[in-house]
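A.B. asks: Here is my input, please return the structure:
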Amino acid sequence: MVWHVADNGERTEMPSTYDGRDVRVTVGHFSNYVIAYDESRAAECPKDSTCPISKFSDAAATAWYHDGVHYVLENGLMQGVEDNLFEPYSSTTRAMMAQILFNMEGRPSTDHEPDYTDVYSGMWYTEAVRWASSEDIMEGYGGGLFGPDDEMTREQLVTIVYRYAGYKGVDVSELSDFTGYTDVNKIGGWALNGMRWAVGCGAVTGRTETTLNPQDTANRAEIATIIMRYCENIAGENIAS
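C.D. replies: Next up, the predicted model:
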């Protein structure tokens, strides 16, 4: 939403459009304007042609993932893989994850130069990987490899979000005992605390009532939902506010 702010503080909403990345508004004079995310309006989305999901031919505003995908599009945290394709059920790559967190952080600059032989200068994800590596939020595999195009598993996803939460100063001490989940033995030891935290704070739920499926690949709809839960329920903030 865009508002004109008068000298006396009075706000007047301006007609505007948002395509998931850019806000467009036509103004008639120089003045003070505010762009902000209106959570109440997003919650009341009519799920019709006005919904940011509606521009994508392969995504439905009435699907289970509406709230998460609406949120990340509205806040510019994710965008379609093409102009009319979101691919909600496609896997999420490590480069995509780095870029999402980089967007959440406001795309900060860094002088860090990680020694990755498979991350090239000038790629759409280069600066995101540099930043995520500089803060130890994401790590390489060793041997100079980051694996930007590698698909992420669910346990990798929650571990990265867990690290990001710690980096942001979020209390990550709430750990689940995994009551009711039968596939806990499939969680890697390196991912155990991240998964316990993600389940304990509600960032992640099972794919079924009894399975977490930690080694399954994480799809784009799932990550949108997890990011929304993190921002709204855990970090307690709206990215665009």
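A.B. asks: Report the contact partners of Asn193.
C.D. replies: 162, 175 (C-beta atoms under 8 Å, 6 or more residues apart in numbering). No exception for glycine: its C-beta is placed from N, CA and C like everyone else's.
A.B. asks: Report the secondary structure state of it.
C.D. replies: helix (DSSP: H, G, I helix; E, B strand; the rest coil).
A.B. asks: Let me see the backbone angles for Tyr116.
C.D. replies: The phi and psi torsions at Tyr116 (degrees, to the nearest 10) take the values phi -100, psi 130.
A.B. asks: these two touch, right, it and Gly144?
C.D. replies: Yes: the pair formed by Tyr116 and Gly144 meets the contact definition of C-beta atoms under 8 Å, at 5.9 Å.
A.B. asks: Could you check which of the two is surrounded by more residues?
C.D. replies: Remark: of Tyr116 and Gly144, Tyr116 carries more neighbours, 19 against 12, as counted by other C-beta atoms under 10 Å.
A.B. asks: now the strands for this protein?
C.D. replies: Here the chain has its strands, by DSSP state E, at 2-5, 11-14, 16-18, 23-25, 32-35.
A.B. asks: In terms of mean pLDDT, which of the ones you listed ranks lowest?
C.D. replies: For these, mean pLDDT drops lowest on strand 16-18, to a mean of 53.
A.B. asks: ok, and the helix or strand in the chain with the lowest average confidence?
C.D. replies: One helix or strand of the chain scores below all others by mean pLDDT, DSSP states H and E: strand 16-18, with a mean of 53.
A.B. asks: Sketch out the low-pLDDT regions of the protein for me.
C.D. replies: Confidence mapping of the chain against pLDDT under 70 gives the ranges 1-33, 36-43, 237-241.
A.B. asks: which one's the longest helix in it?
C.D. replies: Identified as the longest helix of the chain according to DSSP state H is helix 154-167.
A.B. asks: Would you mind extracting the C-alpha trace of that one into PDB?
C.D. replies: Presented in PDB, the C-alpha positions along helix 154-167 are these (Å, rounded to 0.1, in the frame of the first residue of the first chain):
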ATOM      1  CA  ARG A 154      13.600 -30.200   4.500                       C
ATOM      2  CA  GLU A 155      16.200 -30.700   7.200                       C
ATOM      3  CA  GLN A 156      18.700 -28.500   5.300                       C
ATOM      4  CA  LEU A 157      16.000 -25.800   5.000                       C
ATOM      5  CA  VAL A 158      15.100 -25.700   8.600                       C
ATOM      6  CA  THR A 159      18.800 -25.700   9.700                       C
ATOM      7  CA  ILE A 160      19.400 -22.600   7.500                       C
ATOM      8  CA  VAL A 161      16.300 -20.900   9.000                       C
ATOM      9  CA  TYR A 162      17.500 -21.900  12.400                       C
ATOM     10  CA  ARG A 163      20.900 -20.300  11.800                       C
ATOM     11  CA  TYR A 164      19.300 -17.200  10.400                       C
ATOM     12  CA  ALA A 165      17.000 -16.900  13.500                       C
ATOM     13  CA  GLY A 166      20.100 -17.100  15.700                       C
ATOM     14  CA  TYR A 167      21.800 -14.500  13.600                       C
END
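A.B. asks: Perfect, I'm done here.
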